[in-house]
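> The following block contains a protein sequence and its predicted model.
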Amino acid sequence: MENQPKPVQSDEIDLGVLFSKIGDFFRNLGMSFLRALAVLRLIPSQNKILFIVLVLVGAVGAVLYANGVITKKYYESTMIVNSSYINTRILKQTVQKLNQLAEEKNKIGLAKTLQIPQKLADSISFFQSKPFVSEEEKIDLEILSEKIKNLSEKKDLKLIDQIINRLQIENRHSFEITVRVNSPTSIKPLEIALVKYFRNDPFIKKRMEIDSINLIAKKGKLESESKKLDSLKKVIFQNYQSMAQQSRQGSNNVILSDKAVTDPIQIYNQDLEIYKEIQLIDRDIYIKPAFEIVTGFTEFTEPASPGMVKSVSIAILLAFALGYVIVALLNFNKYLASLS
């Protein structure tokens, strides 16, 4: 018998077989998912007593929780502060220290630190802080600033710097401080106590005092310069009045010489600039930007704790989840018993 040629093995893949296998895989996956749903659907009906008890217990607990029987209702409010002397790390450490005091049972230390009544300290649950502008947003702002500078011409650098400063104002050094209390009437007194606490901090207080001294000294210097300019303006005005009274070829026009030493327009403009600087100094002395409240706490009449409907809904979901876990553990225990 002659040797028959062996079939040549091909490395080519039959696409029809491949797609068929992929289709079978997804079909089996879908059927497994439907079987799992069917099993989950049958478990509550097969364990009615267990699920009914869990739902009832959860609903009763939710009602008691919503009415403040298990835990007291709480209220939350947030204020935004702006300070060039506070960074994220300093504020985080300060809030962490206040939270440690708030976790104490008697909270005497918290009342002493914030210089507030003991009743107000007892109503505080915790503090929380975060930057008003995230680190990612700060990085984006820096990138945007560099792009603006690169696109600008040299003659426009002053305008570009003004735009960048405007973009950065009250953002880089702004922070959110959130407080949770058991009584809404505690919000405003706590705001006053927190502001006083931060402003009396030795690090901030010293710099606020130095800023105040420097601003007052600068204001006095500018006022002295302004008085000198007023005297100079008065002399120039009298001089031009005298020149105008002299008749030249039947005309009262004042002829300015190119050799004139003083430019009256420049003097008046300089006086206006000094006046604007004095106004800005008065603004900073009044506002005290070293620690400024952008928006204070708000007294909300509705508590931040979950209400009745939300509490009951969450309790029912947790009851069903717990029921499935209990059934799974019981079945697993039966399986282990069958192996022994």
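That came in fine, so what should we check first?

> Who are the contact partners of the residue nearest the centre of the chain?
Central residue of the chain (CA atoms, centre = their mean): F132, 2.8 Å from the mean position. By CB atoms under 8 Å, 6 or more residues apart in numbering, F132 lies in contact with I80, N171, S174, F175, E176. For the C-beta atoms, the positions are set from N, CA and C on the backbone; glycine is no exception.

> Quick check: which of the residues you listed has the minimum pLDDT.
Here the lowest pLDDT out of the contacts of F132 sits on N171, with 60.

> Look up the closest residue to the residue nearest to the centre of the chain, ignoring the ones flanking it.
Nearest residue to F132, sequence neighbours excluded (CB to CB, 6 or more residues apart in numbering): S174, at 3.7 Å.

> Would you agree that neighbour is in contact with V81?
Yes: counting by CB atoms under 8 Å, V81 is a contact partner of S174 at 7.1 Å.

> Overlap of the contact sets of those two?
Residues touching both S174 and V81 (CB under 8 Å, 6+ apart) are V294.

> Compare the two and say which is more crowded by neighbours.
V81 (22 against 17; other CB atoms under 10 Å).

> Which residues are in contact with the more buried one?
Applying CB under 8 Å, 6+ apart, the residues contacting V81 are S174, F175, I177, V195, F198, F291, E292, I293, V294.

> could those go into TSV alongside secondary structure?
Shown next, in TSV, are the contacts of V81 (DSSP: H, G, I helix; E, B strand; the rest coil):
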residue	secondary structure
S174	strand
F175	strand
I177	strand
V195	helix
F198	helix
F291	coil
E292	strand
I293	strand
V294	strand
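
> okay if I get the residues you listed as CSV plus distance to I143?
Below are the contacts of V81 laid out as CSV (distance: CB to CB, whole Å):
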residue, distance to I143
S174, 20
F175, 23
I177, 28
V195, 34
F198, 32
F291, 29
E292, 27
I293, 30
V294, 25
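
> Would you mind pulling up the elements that the strand or helix carrying K234 packs against?
Per DSSP states H and E: K234 is located in helix 202-245. Here helix 202-245 touches helix 187-199, helix 264-287, going by 3 or more CB pairs under 8 Å, 6 or more residues apart in numbering; DSSP states H and E.

> and the longest one, what other elements does it pack with?
Helices and strands touching helix 264-287, as assessed by 3+ CB pairs under 8 Å, 6+ apart, comprise helix 202-245.

> And stretch 312-321, what's buried?
Across stretch 312-321, burial judged by 16 or more other CB atoms under 10 Å covers V312, A315, A319, F320.

> gap between S174 and Q96?
Distance from S174 to Q96, counting by CB to CB, to the nearest Å: 20 Å.

> coming back round to it: could you say which one of the helices and strands packed on helix 202-245 comes nearest to L50?
Evaluated with CB to CB, the helices and strands packed on helix 202-245 place helix 187-199 nearest to L50, the distance being 44.3 Å.

> before we move on, the earlier item: mind checking how far the helix holding K234 is from the chain centre?
40 Å (CA atoms, centre = their mean, to the nearest Å).

> angle of that helix against helix 264-287?
150 degrees (axes from the mean of the first three to the mean of the last three CA atoms, to 10 degrees).

> got the domain boundaries for the protein?
36-71+307-324, 75-133+172-240+262-295 (automatic domain parsing).

> Mean confidence (pLDDT) on the shortest one, please.
Averaging pLDDT along domain 36-71+307-324 yields 82.

> contacting residues for the residue nearest to F132?
Taking CB under 8 Å, 6+ apart as the criterion, S174 is in contact with I80, V81, N82, P131, F132, V133, V294.

> 7 Å - rerun?
If you count contacts by CB atoms under 7 Å, 6 or more residues apart in numbering, S174 has them with I80, N82, F132, V133, V294.

> List just the nearest of these to E277.
Set against E277, the nearest of the contacts of S174 by CB to CB is N82 (21.7 Å).
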